[in-house]
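In: Everything below, folded, please.
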Amino acid sequence: MIGYYNYTMILTYMSLIFSGVGIFASLSGGGHPYIGIFALLASGLCDAFDGRVARTKKDRSERECRFGVQVDSLADVVAFGVLPACIGVATLRCSPLLQELFAEGGRTMVLIARGLAYAVLLLYMLAALIRLAYFNVTEEERQKTEGGARRYFTGLPVTSAALIFPTVMLLQFITPMDITPLYLGVAVLTGFAFLAKFQMRKPGMRGVLIMVAIGAAEFIAMIILRYCLRLR
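Out: Residues are numbered from 1 along each chain as shown. Here you go, the predicted model:
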């Protein structure tokens, strides 16, 4: 079989599997945005350590290294580009605002609102795709001149979606308002941040562990609020 299947690829492949489950759950039936959020958090956890795990294998060939970079970016497109958009679709299906508007006979307005929302989510996916492709090109160029690990990112990394959108969904439990418009607004801002030309330092192990802790706290909070206390 073509491809590589050693332990350095396991977390990347798991990230894709988790994101696929989240996409299926978000788009099936009435849509399940919270299951999608759990999958997004799981994908983010896998991505936090896949690069570090890969670098523990010292005898990787150049082709293996390049394959790892490419497959990681492809998985990131699905996990942090497509999955958040699908979660957005699920929130639309569950939106009290749209359901109330539809019940009052505003079907045309509902169709317009959905169309605008889908356009926002498509543009978000496009921004994630462009960022990852640009990152791949610039990383190849950087490796030829500098080598070693990257110390700075240009623009917001797409993996930040793993913490941004769960935070938005958690707001639903502390406010009576429908968070769907907020989710879409955050998607717009996040997409712009993906493509913005500003530099931010790549987090070290301490920073990664802090982000993992935040993600774990969001996961636990979502479980307690949604399924234990059965709020909203």
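
In: Show the contacting residues for the spatially most central residue of the chain.
Out: With distances taken as CA atoms, centre = their mean, Phe80 lies nearest the centre of the chain, 2.5 Å away. For Phe80, the contacting residues are Leu40, Ser43, Gly44, Asp47, Ala128, Val158, Thr159, Ser160, Ala161, Ala162, by CB atoms under 8 Å, 6 or more residues apart in numbering. In this view, the C-beta of every residue, glycine as well, is placed from N, C-alpha and C.

In: In helices only, show me those.
Out: Those of the contacts of Phe80 mapping onto helices are Leu40, Ser43, Gly44, Asp47, Ala128, Ala161, Ala162, per DSSP state H.

In: a markdown table for those, including neighbour count?
Out: Formatted as a markdown table, the ones in helices among the contacts of Phe80 follow (neighbours: other CB atoms under 10 Å):
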| residue | neighbour count |
| --- | --- |
| Leu40 | 29 |
| Ser43 | 30 |
| Gly44 | 27 |
| Asp47 | 24 |
| Ala128 | 25 |
| Ala161 | 28 |
| Ala162 | 29 |
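
In: now, among the residues you listed, which is nearest to Thr12?
Out: Asp47 (7.8 Å; CB to CB).

In: any idea how far Ile2 is from the closest one?
Out: When CB to CB, to the nearest Å is the yardstick, Asp47 and Ile2 sit 23 Å from each other.

In: Likewise for Ser28?
Out: 31 Å.

In: Which one of these two is surrounded by more residues?
Out: Ser28 (11 against 4; other CB atoms under 10 Å).

In: Now do the contacts for the more buried one.
Out: No contacts exist for Ser28 under CB under 8 Å, 6+ apart.

In: all helices for this protein, in order.
Out: Remark: helices assigned in the chain by DSSP H are 10-27, 33-54, 62-76, 83-94, 96-103, 107-145, 161-170, 180-195, 205-223.

In: For stretch 108-127, buried residues please.
Out: Applying a neighbour-count criterion of 16 or more other CB atoms under 10 Å, one finds Val110, Ala113, Ala117, Val120, Leu121, Tyr124, Met125, Ala127 buried in stretch 108-127.

In: swap that for stretch 62-70, please
Out: By neighbour count with 16+ other CB under 10 Å, stretch 62-70 contains the buried residues Glu64, Phe67, Gly68, Val69.

In: quick one on the thing from earlier: dump the ones in helices among the contacts of Phe80 to TSV, plus distance to Ile224.
Out: Shown next, in TSV, are the ones in helices among the contacts of Phe80 (distance: CB to CB, whole Å):
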residue	distance to Ile224
Leu40	18
Ser43	21
Gly44	19
Asp47	25
Ala128	30
Ala161	23
Ala162	20
